[in-house]
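Trainee: Here is my input; please provide its structure:
(2 chains)
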Amino acid sequence: MKTTTLQEANLFKVTIQGEVDATSSLKLDQAIKKALDTPDIKGVIVDCKVLDYISSAGLGVFIANHQDFKEQNLRIIPFGLNKQVESTFELVGLNELFTIVSTEEEAVALLNQ
Amino acid sequence: MNKRSITVPCSIVNLKRIRDFVRKSLKEFGVDGSQTAHLVLAVDEVCTNLIIHANENDARFLIHLDIFKKSTGLLFEFHDWGKAFDYAQYQEPHLDELVSQRKRGSLGLLLVRKIMDNVEFTQEEDHNICRLFKTVPVQESINIDR
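Mentor: Below you'll find the predicted structure:
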């Protein structure tokens, strides 16, 4: 798995590439947590367009960070999930905890609402 | 043969190898792609638990997986020689509790139970066996036997 992070205007963007499992989830956690230390942003959008696979270790990263982001009034918006990854999110109900959208434009618009 | 097997050292670096083995085996068994994705996930979760919790990610120990093609579906059988898991004591976690406790773990077996039709953990004399069964359409064996 590879992650890249980018700060754009009022948001933080994390791109995940490849497969997230127990070997790589800590790296994803560190990438998403960077947003908590970034001033003047509304949240983090997570580009999952090239995310091929995610196990519970990766889902746990989204769950474990939800509260800290909420307390700082920041949102986490995953977008571009393939069918299999989206179905994995749905199996544990993460689609109810996070608003998942299809495109980056939708994610940015949602963050700026 | 209606069986595929793999043995790997108990190290999480081998999880991808196990996933690739399951994908290949299920393709040979003629299992549908969307079913395969969930089954790969369930196997990954069990192996992660066995490697990390039962065998402390110690590559001196081994984990063995057999996949059997049955007439009504697939049986996944995991053998390991680490600490036994007491399934009777297992309590399914609630998502809201994991969120408030900021917990990254505990979801693996929940996923396995959602995906599989039957989940069982037993202890033999010298090792542990986990069996997962999933009812799924599989191809007739003629073209895939080797």
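
Trainee: For residue 105, which three-state class applies?
Mentor: Using chain A here. helix (DSSP: H, G, I helix; E, B strand; the rest coil).

Trainee: Which residues of chain B lie near chain A?
Mentor: B:12-13, B:15-16, B:19, B:34, B:37-38, B:40-41, B:44-45, B:48, B:51-52, B:95, B:98-100, B:102-108, B:110-111, B:114-115 (Cβ under 8 Å from any Cβ of the partner chain). Where C-beta positions appear, they are placed from N, C-alpha and C, glycine not excepted.

Trainee: Out of these, name the ones that lie in helices.
Mentor: Among these, the ones falling in helices (DSSP state H) are B:15-16, B:19, B:34, B:37-38, B:40-41, B:44-45, B:48, B:95, B:98-100, B:108, B:110-111, B:114-115.

Trainee: Beyond whichever helix or strand residue A:67 is part of, next helix or strand please.
Mentor: If you go by DSSP states H and E, residue A:67 is part of helix A:56-71. Using DSSP H and E, the helix or strand that directly follows helix A:56-71 along the chain is strand A:75-79.

Trainee: Would you mark the buried spots in the next helix or strand after that next one?
Mentor: Downstream of strand A:75-79, the next assigned helix or strand under DSSP H and E is helix A:83-91. Applying a neighbour-count criterion of 16 or more other Cβ atoms under 10 Å in any protein chain shown, one finds A:84, A:85, A:86, A:88, A:89, A:91 buried in helix A:83-91.

Trainee: again with stretch B:77-87
Mentor: Applying 16+ other Cβ under 10 Å to stretch B:77-87 flags B:77, B:78, B:79, B:80, B:82, B:85 as buried.

Trainee: Any regions of chain B where pLDDT drops low?
Mentor: B:141-146 (pLDDT under 70).

Trainee: Pull out the buried positions in stretch B:103-123.
Mentor: For stretch B:103-123, by 16+ other Cβ under 10 Å, it's B:104-113, B:115-116, B:119, B:121.

Trainee: Now the terminal residues of that stretch, how far apart.
Mentor: 29 Å (Cα to Cα, to the nearest Å).

Trainee: And the spatially most central residue of chain A, which helix or strand is it part of?
Mentor: Among the residues of chain A, the one closest to the centroid is residue A:46, at 3.6 Å (Cα atoms, centre = their mean). Assigned by DSSP H and E, residue A:46 belongs to strand A:43-54.

Trainee: Which neighbouring elements make contact with that strand?
Mentor: When contacts are defined as 3 or more Cβ pairs under 8 Å, 6 or more residues apart in numbering or on different chains; DSSP states H and E, strand A:43-54 sits against strand A:11-20, strand A:75-79, helix A:83-91, helix A:104-111, helix B:33-49.

Trainee: sec struct for the closest residue to residue B:116 other than its chain neighbours, please.
Mentor: Spatial nearest neighbour of residue B:116, excluding adjacent residues (Cβ to Cβ, 6 or more residues apart in numbering or on different chains): residue B:132 at 4.5 Å. Classification of residue B:132 by three-state DSSP places it in strand.

Trainee: Can you verify my assumption that residue B:132 contacts residue B:112?
Mentor: Yes - Residue B:132 lies in contact with residue B:112 (Cβ atoms under 8 Å); the separation is 6.8 Å.

Trainee: hang on, the earlier thing: hmm, which two among the buried residues of stretch B:77-87 are most spread apart?
Mentor: Within those, B:77 and B:82 form the most distant pair, 16.0 Å apart (Cβ to Cβ).
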